[in-house]
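In: Can you look at this prediction? I've put the sequence above it.
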Amino acid sequence: MNQNRMVIGLAIALVVAFMLATFVYKQFQKASTAKPVDTEHVVVAASALPLGTRVDASNLKLIAWPAGQSVAGMFTSIDQCANRALITPVAANEMILDPKLAPKEAGAGLSATIPEGMRAMSVAVNDVIGVAGFVTPGTKVDVLVTGKLAGPNRNEEETITRTILENISVLAAGQKIEQDREGKPQTVPVITLLVSPEDAARLAMASTQGKIQLALRNTVDSKRVEPASVLEANLFSGGGPAPAPKKTIVKTAAPPPPSPYTIEVITGNKRENKSFPNQ
């Protein structure tokens, strides 16, 4: 009995092995007869490229890409995108797309990253103004200015702090236009901000006529708050309303009393003038 079972088991194993071999053979046949996929070339970065880099044959390469699977803005030859600057960093082997490149006439470097209608403006900073070096390229800041406000009297001035700009992009810290990959702070003497022409004028006035301070904000927090201005008097009085200006009391001389009126009294041959108070 045991011998018969062994023979049956061996027969079953041979049948299963034959079926598996037949299946694998057919799959190989199908693979060998499958039509090759048509491909075309697409331009990618040969290595990681920072923002502002001018691309050319030295830092680009071509790789195969399935034909008919085009991506909007892609290039199929290096000549199509050469001598244009990147307005965003790209990783190695990342596809170069038209929206990632500045126009040819824009040049390279920081100027190529400035959108039309905007301006790049630098302001002097220190460790306090620059939030201990954490104001780096790509971060967002608010700009506060502290200056003097004319009081009710010409000779009086009040100190005031106002938020003049909100959610402003930092283009560069010093001469660096890319963040440190490890997020390390960068102690620099100058920060370059991306502002509109109107905001550039306000920032210039604030830098020369007052003291500016940068407030670092979350890059995903783009809500405008428009905080109220802070007066020095309000700050040191517990946040209550500003004290009313003192009224100057001017003393004036009392008006002279009214002149008395006079009446002539005739008694017989006698005449006399009598005065009475004029009330």
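Out: That came through fine. Numbers count the residues shown, from 1 in each chain.
In: Now do the buried residues in stretch 180-199.
Out: 186, 188, 191-195, 199 (16 or more other Cβ atoms under 10 Å). C-betas here are computed from N, CA, C, even on glycine.
In: Also stretch 46-55?
Out: Residues 49, 51-55 are the ones in stretch 46-55 that count as buried (16+ other Cβ under 10 Å).
In: Could the C-alpha coordinates of that stretch be exported in PDB?
Out: The C-alpha trace of stretch 46-55 is given here as PDB (Å, rounded to 0.1, in the frame of the first residue of the first chain):
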ATOM      1  CA  ALA A  46      22.400  65.600 -15.000                       C
ATOM      2  CA  SER A  47      22.900  66.500 -11.300                       C
ATOM      3  CA  ALA A  48      21.200  68.500  -8.600                       C
ATOM      4  CA  LEU A  49      21.000  72.200  -9.800                       C
ATOM      5  CA  PRO A  50      20.300  75.200  -7.500                       C
ATOM      6  CA  LEU A  51      18.000  78.000  -8.200                       C
ATOM      7  CA  GLY A  52      19.400  80.600 -10.700                       C
ATOM      8  CA  THR A  53      21.600  78.100 -12.500                       C
ATOM      9  CA  ARG A  54      21.900  78.600 -16.300                       C
ATOM     10  CA  VAL A  55      21.300  75.200 -17.900                       C
END
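In: How far does that stretch sit from its chain's centre?
Out: Between the centre of stretch 46-55 and the centre of its host chain there is 23 Å, according to Cα atoms, centre = their mean, to the nearest Å.
In: Would you point out which residue is most central in the protein?
Out: Ser169 (2.4 Å; Cα atoms, centre = their mean).
In: which SS state does that residue fall under?
Out: With DSSP: H, G, I helix; E, B strand; the rest coil as the basis, Ser169 sits in strand.
In: Surely it and Leu193 touch.
Out: Yes. Ser169 is within contact range of Leu193, at 7.0 Å (criterion: Cβ atoms under 8 Å).
In: can you pull out the helices in the chain?
Out: According to DSSP state H, the chain carries its helices in the segments 2-33, 197-209, 232-236.
In: helices or strands up against the last one?
Out: The criterion is 3 or more Cβ pairs under 8 Å, 6 or more residues apart in numbering; DSSP states H and E, and the helices and strands that helix 232-236 contacts are strand 157-173.
In: All the strands of this structure, in order from the start?
Out: In the chain, the strands defined using DSSP state E lie at 39-45, 54-55, 60-66, 84-85, 119-124, 140-150, 157-173, 190-195, 211-217, 230-231, 261-267, 270-276.
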